[in-house]
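>>> Sequence below, structure please.
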Amino acid sequence: MTNQQLHEQLTAQLKGFYHPAIEADEFLTLLSKRKMGKFSAIFAADSGFKANSNRFLPYMEELVDDQQALPKTDEDGFDVAIATFLGKLQQMHTVLGQFSEQLKEKKQSKPSNIGE
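Here you go, the predicted model:
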């Protein structure tokens, strides 16, 4: 796989997370306004993320920055950088996927309560 192909695939993955992250952040803002869902960060301090936020978008921004900073596939440091990036990407996939699934279930069971 060429460096360009790799970046195209990673960009597609990140784009796939963007709208669910926005939806999740909107829901978290709603919960916050209702004084519910009190937590300080989406990911634990030892997750590998530098961001520390109770919203998804700062983590998404970090992933985009990390992707853009990846060395070329044939450069020194690529293996470590891509492993770190993929670890964070996997965490985002897991947590955002679980959150999106729960959000979808809530919308189906109580549609009038979500947007109020």
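>>> which residues of the protein score low on pLDDT?
110-116 (pLDDT under 70).
>>> which residue ranges form the helices in it?
3-33, 57-68, 78-109, 111-114 (DSSP state H).
>>> Indicate which one of the ones you listed is closest to residue 46.
Nearest to residue 46, of all those, is helix 78-109, at 11.0 Å by C-beta to C-beta. C-beta here means a position set from N, CA and C on the backbone, and glycine is covered the same way.
>>> Against which helices or strands is the closest one packed?
Here helix 78-109 touches helix 3-33, helix 57-68, helix 111-114, going by 3 or more C-beta pairs under 8 Å, 6 or more residues apart in numbering; DSSP states H and E.
>>> Contact partners for the residue most central in space within the chain?
Nearest to the geometric centre of the chain sits residue 92, at 4.0 Å (C-alpha atoms, centre = their mean). Going by C-beta atoms under 8 Å, 6 or more residues apart in numbering, residue 92 touches 17, 56, 59-60, 63.
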